[in-house]
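Peer 1: Provided below for reference: sequence and predicted model.
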Amino acid sequence: MASLPSYLSPEDYLAIERKADIKSEYVNGVMYLMSGSSFAHNIIVGNLIGELHARFKETDCGAYPSDLKVRLPDSSSFFYPGVSVLCCEPQFADREKDVVLNPIAVLEVLSNSTEAFDRGKKFQYYQQIESLMEYVLIAQDTMVVESFQRQPGKWLHTKAWGPDASLTLTSVDCQIPLRDIYRKAF
């Protein structure tokens, strides 16, 4: 991710971002340009959205693609998760309704350029969101999914791999077979 120079306030970031043709995330006053998504990334996100919507028909939950920003409680950072899950009335940052404050789950599709950040600092940032119960990392070149579930005082890590394994989202009580997540991705 390439950064744009100089400090920006959260308000300045949103004003620029809402007019931009290219997405940027915002971390502690700095905008970071996002690279385009690969074919596999887009297939995986589309499959996840479809599978989650099918499971959420009779619930208050919804799955949202990467055009919906998630903001940290202190407004220091804004991210575009691959998929955000909300299971109650969305809390929006403002009237634009393009930034949410209360995801219950965030799913990120890993790439070579973002994997270290997604596993490290970004996960630390997301942990500040009180409503967040699960953080999921999805490889895009092999069938491997890692989940982190919030437990009292810690995060429980689980890993699933192979076509017969499933992603279990305990916060929304659903399982999705990895073969369905990765269908037509490679």
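Peer 2: Alright, I've got the coordinates.

Peer 1: Nearest residue to the middle of this structure?
Peer 2: Residue closest to the average C-alpha location in the chain (Cα atoms, centre = their mean): Pro81, at 2.6 Å.

Peer 1: My guess is that one contacts Pro65. True?
Peer 2: No - applying Cβ atoms under 8 Å, one finds Pro81 not in contact with Pro65, separated by 9.1 Å. For the C-beta atoms, the positions are set from N, CA and C on the backbone; glycine is no exception.

Peer 1: about what we covered before: need the per-residue pLDDT for the nearest residue to the residue nearest to the centre of the chain once chain neighbours are set aside.
Peer 2: Leaving aside its sequence neighbours, Pro81 sits nearest to Val106 (Cβ to Cβ, 6 or more residues apart in numbering; 4.4 Å). The confidence metric pLDDT takes the value 98 at Val106.

Peer 1: next one: Ser3
Peer 2: So Ser3 comes in at 61 (pLDDT).

Peer 1: Pull out the buried residues from the one helix or strand Ile49 maps to.
Peer 2: Assigned by DSSP states H and E, Ile49 falls within helix 39-55. If you call a residue buried by 16 or more other Cβ atoms under 10 Å, then helix 39-55 has these buried ones: 40-45, 47-49, 51-52, 55.

Peer 1: Report the mean per-residue pLDDT for that helix.
Peer 2: 97.

Peer 1: Now for Leu169, how many residues are close by?
Peer 2: Applying other Cβ atoms under 10 Å, we find 22 residues neighbouring Leu169.

Peer 1: What's opposite it in the beta bridge?
Peer 2: Beta-bridge pairing of Leu169 under DSSP bridges involves Cys174.

Peer 1: any idea how far it lies from Phe148?
Peer 2: Distance of Leu169 to Phe148, computed by Cβ to Cβ, to the nearest Å: 11 Å.

Peer 1: list the residues that contact both of those two?
Peer 2: 134, 136 (Cβ atoms under 8 Å, 6 or more residues apart in numbering).
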